[in-house]
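Student: Fold the following.
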Amino acid sequence: MVLLTLKVILLLVVILTSLYSALMYSARKRESARQLAELRGRAQPLRRLSLDERQALTPFLFRPDRPGKPIRLHSEEVFPLSGPYRRHGISNQGNQTWHHMIGGVEVILPFDAEHFLDQDNQAEVVFADKLAVVVRLNGFELLEGAEREQRRETARDQWQRGESGHLQDVTLDDDDQDAARDPATGDRHRVEILHQRDETPAEIEARQGRGLGLLSGLCWSLALIAVALAASRQSGLWQGLWAALALAGAALGLWLFWRRRRPGPAGKVNRVTGYLNLMPVAVDEQQGTVSVAPVLGDKFPFSLPDHWRPHIKLEQDQRLDLGLRVDDYSVVDYSEANTPGRRFSVDEEQRRHPPVYWGRHLSLALVGLVALAAALLGPARPLLDAAQTGQWLAGAGPLPVDEPASLTATPPALGRRLIVNGEGRCQVAADPARVRCDRVRWGGDTLTPPDLEVDPLTRSLLSGDLLETRRERSLEVMAMMRGGGTGDRRPLVVSNARAVLASIDEACPNDDERACAELRRRALATLYFPAAPEEQDWATLRRRLAEEDDAQHREAVALQGRLDNLSDAMARVAEQRLRPLTAQLAEALAAQQKGGVVIGAVDGTDLIPLPPRDPAGRHWETLRALAGDGGRRAFKLDGVLVRHDQGADGAPLWLLDPERVDRGGPALARLLWVVAAVALLLVHGVLALRGYLAAGRRRRALEQEYGG
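Tutor: Numbers count the residues shown, from 1 in each chain. This is a model prediction of the structure:
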């Protein structure tokens, strides 16, 4: 209930937050539209767009939140717009859409205009639908932005093609242009492409890796699940279907893991040279530190392999020769112009020190470990399943056993199906005193009960002879007139009712005992005395009946059903009184249980049905019935032999499982489940350990090589 409440609260918070964000977003859009309407009403045009400016704006005349929907210019007139800059956005399915605003009016920033934004902005715009499109902004000019974009496109094309020569420079302002023209500083901003080549197979492998074997592990997991489902099915058709799916999953898992790896398509690598610039990217005011990113010239922020970084010291204005992947600017070859002998190469590193992918083996070893734990904690019993599978594959049919001597003379193998027919005796447990008919002694010695005397009162309570009843026609007619008179509602006259009460007092001198308290309560609820018709207190009832000592007051009326319940309560009191004798009897019979063999069912099924017992459970009578030849009863057990042991008295113990009959296929499936799990765990566990140690040696070798 608490978890459900938390989920509801969280859902409400998400809904309210989303609703608030949507309302605020709509409010900002409406405010922008209002500000734009006011601006259009009061602003005076400065000039008209030139033809070149109109053509340069064409690619940007689309709504920011709907890139496919075009917007239409209201006119060619250019208006002034000033004010602070801010932006707001909305996220939809992971996509963030930003809306730029100057002076409260939403604007479209073409080309690189956003690089010219400031706290206080002076802009020139044209109006289009509910937006304004920037033509000028602080130092930004639309046509100059288009020219810079053209240079960027040229530089991108040159980079993609790997055309040798200096990469096209792109500057934002006059100072940058002057710096680019100055030979002293311009060289530090330039990047020269020397040549382009394809990635080597080693570089491709370093980029792609081998993965963690998750797909292969998934196939193995599905195969093991299919094996488990096959083991749980009764139908041979379903068993075959799940087995086929398991085989297909295992084969696919093996192929995915052990297939010969071919390098993927080679990417392009550009060999470039230029000066290093360390560009600040973040400032931590609390720590007083500045984070910088390495940039080649002013063009490419490149990235080094992680294990190279501790061994490479990057300094401002270093001249570097780099091999950069075209797609992501990652370094595959690094050298410093002033130290020609110091070079880092992914290709040479991969060939001198091949990588070790031990994580892939660890993934499959974990799959095997989980599968093995699930099998051993579940229905799988490897040794027994192997024995039953062997018998099943050998075509061994059921073995009939009619004599106990045949079990001891030629013991059947574990996993063999046995059909046992014979006469036996239920086993007696002494502590606590009880009879176990799921264990039957077959061919054992005859039990002789000890000479134990039961007092007459206890015997009468146990047998139900204490109550003397007779039918009274007049009472039955009256009961029938009230809707009763038959079955449990038949009235009877208890002729010795006062003697019954006296016997209860004699049998229960202690009122604190639970069985006795229950017996008195039922006697009060069952027996109706004319002399005390409404009395509910035991002592008062006994006193009032003693005052009226005549034949009429010795009788009571009771219903048949309640008398049966009273008999049950009497039997429980008798059982309580018989506990010491019952314990002695059970101990004596248990000590006499010798010889023969003991047959049992592992699921606890009684091989010999006990006589029906009422809720009182007359243990004394059941134990007495086991003695002599009459205690030997016929039994039959059809099951698979799962255990052959020796009992406490030295007799052979044979335990059979009826649930395993005709279940050779599932036993084979469980065995394959365990074998596959163990194979995965051992093979890939050993390979993962070896790979982990090899990876450590490779890491130390690289540190020694680069550190030296």
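Student: For the stretch 251-400 of the chain, just list every one of the helices.
Tutor: For the stretch 251-400 of the chain, the helices defined by DSSP state H, counting those that start in this stretch occupy 346-352, 358-377, 382-393.
Student: What distance do you get for the residue nearest to Y692 when sequence neighbours are not counted to L256?
Tutor: The shortest distance from Y692 to any non-neighbouring residue, by Cβ to Cβ, 6 or more residues apart in numbering, is to W358 (4.8 Å). The way it works is simple: take the backbone N, C-alpha and C, and place the C-beta from them, glycine included. Distance, W358 to L256, by Cβ to Cβ, to the nearest Å: 17 Å.
Student: on that earlier part again, any figure for the gap between the residue nearest to Y692 and W308?
Tutor: 21 Å.
Student: what's the answer for W220, then?
Tutor: Noted for W220: a distance of 36 Å to W308, by Cβ to Cβ.
Student: For these two, work out which one has more neighbours and name it.
Tutor: Per other Cβ atoms under 10 Å, whichever of W220 and W308 has more neighbours is W220, with 28 against 15.
Student: what sits against the more buried one?
Tutor: Taking Cβ atoms under 8 Å, 6 or more residues apart in numbering, we find W220 in contact with 249-250, 253, 364, 367-368, 676, 680.
Student: From those, list the buried ones, please.
Tutor: 249-250, 253, 364, 367-368, 676, 680 (16 or more other Cβ atoms under 10 Å).
Student: I'd like those residues as a markdown table, with distance to I599 appended.
Tutor: Formatted as a markdown table, the buried ones among the contacts of W220 follow (distance: Cβ to Cβ, whole Å):
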| residue | distance to I599 |
| --- | --- |
| G249 | 42 |
| A250 | 40 |
| G253 | 45 |
| L364 | 45 |
| V367 | 42 |
| G368 | 39 |
| A676 | 35 |
| L680 | 40 |
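Student: farthest-separated two in those?
Tutor: Largest separation among the buried ones among the contacts of W220 by Cβ to Cβ: G249 and G368, giving 14.3 Å.
Student: what ranges do the strands span in the stretch 151-300 of the chain?
Tutor: Ranges of strands in the stretch 151-300 of the chain, per DSSP state E, counting those that start in this stretch, are 165-166, 191-198, 268-284, 289-296, 300-301.
Student: for the stretch 401-550 of the chain, that is, sorry about that
Tutor: In the stretch 401-550 of the chain, the strands defined using DSSP E, counting those that start in this stretch lie at 417-429, 434-442, 469-470, 491-494.
Student: I'd assumed A694 was in contact with the residue nearest to Y692.
Tutor: Yes. Using Cβ atoms under 8 Å, W358 is in contact with A694, at 7.3 Å.
Student: Between these two, tell me which one has more neighbours.
Tutor: Neighbours were tallied for W358 and for A694 using other Cβ under 10 Å; the higher tally belongs to W358 (19 against 15).
Student: show me the contacts for that one.
Tutor: By Cβ under 8 Å, 6+ apart, the contact set of W358 is 687-692, 694-695.
Student: List the residue ranges of the stretch 401-550 of the chain that fall below the pLDDT cut-off.
Tutor: For the stretch 401-550 of the chain, the stretches with pLDDT under 70 are 479, 483-485, 511-512, 531-536, 548-550.
Student: Please repeat the previous calculation with a cut-off of 80.
Tutor: For the stretch 401-550 of the chain, the stretches with pLDDT under 80 are 408-409, 430-434, 449, 463-464, 472-489, 510-513, 529-550.
Student: what about the strands of the stretch 401-550 of the chain, which gets the closest to R670?
Tutor: Taking the strands of the stretch 401-550 of the chain one by one with Cβ to Cβ, strand 417-429 is closest: 17.0 Å.
Student: list the helices and strands that closest one packs on?
Tutor: strand 399-401, strand 434-442, helix 579-592, strand 597-601, helix 619-626, strand 633-646, strand 652-657 (3 or more Cβ pairs under 8 Å, 6 or more residues apart in numbering; DSSP states H and E).
Student: hmm, 6 Å instead?
Tutor: Applying 3 or more Cβ pairs under 6 Å, 6 or more residues apart in numbering; DSSP states H and E, one finds that strand 417-429 contacts strand 399-401, strand 434-442, helix 579-592, strand 633-646.
Student: List of residues touching the shortest one?
Tutor: Outside strand 399-401, the residues that touch it by Cβ atoms under 6 Å, 6 or more residues apart in numbering are 412, 416, 418-420.
Student: Show me the helices in the stretch 1-150 of the chain, by range?
Tutor: According to DSSP H, counting those that start in this stretch, the helices that the stretch 1-150 of the chain contains are 2-42, 51-57, 142-161.
Student: Least reliable of those by average pLDDT, please.
Tutor: Sorting those by mean pLDDT places helix 2-42 lowest, at a mean of 67.
Student: how far off strand 417-429 does the lengthiest helix in the chain point, in degrees?
Tutor: Criterion DSSP state H: the longest helix present in the chain is helix 664-707. For helix 664-707 against strand 417-429, the angle by axes from the mean of the first three to the mean of the last three Cα atoms, to 10 degrees is 90 degrees.
Student: which helices and strands does helix 664-707 pack with?
Tutor: If you count contacts as 3+ Cβ pairs under 6 Å, 6+ apart, helix 664-707 packs onto helix 214-232, helix 358-377, helix 382-393.
Student: Now do the residue nearest to Y692 against D645, distance only.
Tutor: Distance from W358 to D645, by Cβ to Cβ: 45 Å.
Student: Equivalent analysis for D328, please.
Tutor: Distance, D328 to D645, by Cβ to Cβ: 68 Å.
Student: okay if I get the strands of the stretch 151-300 of the chain as TSV plus mean neighbour count, distance to D52 and mean pLDDT?
Tutor: Formatted as TSV, the strands of the stretch 151-300 of the chain follow (neighbours: other Cβ atoms under 10 Å; distance: least, Cβ to Cβ, whole Å; pLDDT from 0 to 100):
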stretch	mean neighbour count	distance to D52	mean pLDDT
strand 165-166	11	28	86
strand 191-198	16	30	90
strand 268-284	17	34	82
strand 289-296	15	33	78
strand 300-301	15	31	82
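Student: Need those in a markdown table (columns: distance to N138).
Tutor: Converted to a markdown table, the strands of the stretch 151-300 of the chain look like this (distance: least, Cβ to Cβ, whole Å):
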| stretch | distance to N138 |
| --- | --- |
| strand 165-166 | 30 |
| strand 191-198 | 28 |
| strand 268-284 | 22 |
| strand 289-296 | 25 |
| strand 300-301 | 25 |
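Student: tilt between the longest helix of the chain and helix 358-377?
Tutor: 150 degrees.
Student: Measure how helix 664-707 sits relative to helix 214-232, angle-wise.
Tutor: Helix 664-707 and helix 214-232 meet at an angle of 160 degrees, taking the same axes, to 10 degrees as the criterion.
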